[in-house]
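Visitor: Predicted model and sequence follow; I will ask about them next.
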Amino acid sequence: MPRYHRPERAVAVDESVSWVVVDEDFGSQVEACAYLAGVRGAGRAFNTEKTYAGRIALYLSYCRGHGVDWPGTRSLRRLR
């Protein structure tokens with residue numbers, strides 16, 4: 001299965017590290033990034049954020065590869 005989305009490690013100017021989901025053109029996937037920011041803001045472990053980023057990217061790639069419109073952030077909230 002092709003990977004249309006993938007997790008990426010993002011380093012801010014203050015050198016803090018977070019995880020984002022990008023497409024093949026390195027455009028960020030807004031809803032996924034917002035969800036991951038919420039995970040980070042809730043004080044979850046760094047590895048939890050990293051794992052969620054990978055699984056969300058895989059899910060979005062699956063949806064795109066199968067022509068499925070993904071249901072949005074409501075489905076992502078159920079992953080917590």
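Guide: Okay, I see it.

Visitor: What confidence value was assigned to the closest residue to residue 52 other than its chain neighbours?
Guide: Spatial nearest neighbour of residue 52, excluding adjacent residues (Cβ to Cβ, 6 or more residues apart in numbering): residue 39 at 5.8 Å. Bear in mind the C-beta positions are built from the backbone N, C-alpha and C, glycine included. For residue 39, the pLDDT comes out at 95.

Visitor: Output the below-cut-off pLDDT ranges for the chain.
Guide: Applying pLDDT under 70 to the predicted model, the residue ranges of the chain that meet it are 1, 70-80.

Visitor: before we move on, back to that, can you tell me the SS state at the residue nearest to residue 52?
Guide: When the structure is reduced to helix, strand and coil (DSSP: H, G, I helix; E, B strand; the rest coil), residue 39 reads as helix.

Visitor: Helices of this structure, residue ranges please.
Guide: Counting by DSSP state H, residue ranges of the helices within the chain are 30-41, 46-65, 73-77.

Visitor: Save those helices as JSON lines, and put in mean neighbour count too.
Guide: As requested, these are arranged in JSON lines below (neighbours: other Cβ atoms under 10 Å):
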{"stretch": "helix 30-41", "mean neighbour count": "17"}
{"stretch": "helix 46-65", "mean neighbour count": "17"}
{"stretch": "helix 73-77", "mean neighbour count": "13"}
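
Visitor: Looking at the ones you listed, which is nearest to residue 17?
Guide: In this view, the helices of the chain are compared for proximity to residue 17 by Cβ to Cβ, and helix 46-65 is the closest at 7.5 Å.

Visitor: So the residue in the chain sticking out farthest from the centre versus residue 33, what's the distance?
Guide: In the chain, counting by Cα atoms, centre = their mean, residue 14 sits farthest out from the average C-alpha position, at 21.5 Å. Distance, residue 14 to residue 33, by Cβ to Cβ, to the nearest Å: 18 Å.

Visitor: for the helices of the chain, which one sits closest to residue 8?
Guide: It's helix 46-65; of the helices of the chain, that one is closest to residue 8 (Cβ to Cβ) at 7.9 Å.
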